[in-house]
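Asks: Have a look at this prediction, sequence included:
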Amino acid sequence: MPRTTPAGSDDSAPGFSFPAIGRKKITAAFDGGRLTSDGGVLLLAQAERAMGLCRRLAACIADPRDPARVIHRLDDILRARVFAIACGYEDADDLDALRDDPGFRLALGKLPGSGAGLASQPTMSRWENAPTTRELARMMSAMIDIYCASYDCKRLQIQAVVEVMNTSTVPFALAVDDVPIILMDMTLILEDAGFRCHEAMDGDTAIVLLEEQADNTILLFSDVEMPGSINGFALARHVAQHWPWIEIVIASGNIRPNPGDMPEKATFIPKPFSAAIVHEHLRRTLPDGKKPAPLKNAVTTPVQPGA
């Protein structure tokens, strides 16, 4: 009969000793020790560190904490949340159970059973709601950069594409809006009309961009209410004064222009707008010489304002 042997530690259940075979001692234990059902998280950790994903995202978010009192670095907080979601733990509440999981601890560079656990659910929830709209836009841009960097392109190929774009006759439009989703939609609408697009999320950034790109830009399409020192109306006046060849379209869902708000050449379009409404507005208001070929050659269909 096998006989029990004393436990080696508090983490161990009693083991069982069996008769030796030759000089080999046989012991069986069924305590399990420190186990994890998420061994794949270690592979995820290797892939994430190779891409630098969470480090890049953390750099997009302002961290107001006192560095001397920080227990969990922001990139580790993001790492724990990303790994949890990838392993099927969608709810932040799951972090309370996972913070001492040996697989997750190893994935974040912590030895099982040593030091503080991973970030708790309250900490995770605070940081999930911390990023501002502008920080979220920066994170989205970082994700796009990481995705593009995953493709193996030779430097000369990239330079050739840039040179072709720089010498292209396709005109540029500058889209300006502080809401990333609306800015993305605005850009897609202008690209469908035949423009290449610059983007800015406020009037100050738009002016800085135009100081370098005004020569190849023929259209400003801007929101009115934005953060920064100037709104869309002031941006329109500045552009008309400094770069008079740029056509101007201002859009807003909350504000209508009063006399003097916009320069004489500017036109206004109410939000919400559709691609058909914007395209028809541009066909009607842009000079023929500034209409891209898709806009100039498109078959027009009547649209109702606000459709």
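Replies: That came through fine.

Asks: what pLDDT, on average, does whichever helix in the chain runs longest get?
Replies: Across the chain, the helix with the greatest residue count (assigned by DSSP state H) is helix 133-149. For helix 133-149, the mean per-residue pLDDT is 84.

Asks: For it, C-alpha coordinates in PDB please.
Replies: Provided in PDB are the C-alpha atoms of helix 133-149 (Å, rounded to 0.1, in the frame of the first residue of the first chain):
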ATOM      1  CA  THR A 133     -10.900  61.900 -27.500                       C
ATOM      2  CA  ARG A 134      -7.600  63.300 -28.700                       C
ATOM      3  CA  GLU A 135      -5.700  60.500 -27.000                       C
ATOM      4  CA  LEU A 136      -8.000  57.900 -28.500                       C
ATOM      5  CA  ALA A 137      -7.200  59.400 -31.900                       C
ATOM      6  CA  ARG A 138      -3.500  59.100 -31.200                       C
ATOM      7  CA  MET A 139      -4.000  55.500 -30.200                       C
ATOM      8  CA  MET A 140      -5.900  54.700 -33.300                       C
ATOM      9  CA  SER A 141      -3.100  56.300 -35.400                       C
ATOM     10  CA  ALA A 142      -0.500  54.200 -33.500                       C
ATOM     11  CA  MET A 143      -2.500  51.000 -34.300                       C
ATOM     12  CA  ILE A 144      -2.500  52.000 -38.000                       C
ATOM     13  CA  ASP A 145       1.300  52.600 -37.900                       C
ATOM     14  CA  ILE A 146       1.900  49.200 -36.300                       C
ATOM     15  CA  TYR A 147      -0.300  47.500 -38.900                       C
ATOM     16  CA  CYS A 148       1.500  49.200 -41.800                       C
ATOM     17  CA  ALA A 149       4.900  48.400 -40.300                       C
END
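
Asks: packing partners for that helix?
Replies: Counting contacts by 3 or more Cβ pairs under 8 Å, 6 or more residues apart in numbering; DSSP states H and E, helix 133-149 packs against helix 53-58, helix 180-192. (Each C-beta comes from the backbone N, C-alpha and C, glycine too.)

Asks: swap the cut-off to 10 Å and go again
Replies: helix 41-51, helix 53-58, helix 180-192 (3 or more Cβ pairs under 10 Å, 6 or more residues apart in numbering; DSSP states H and E).
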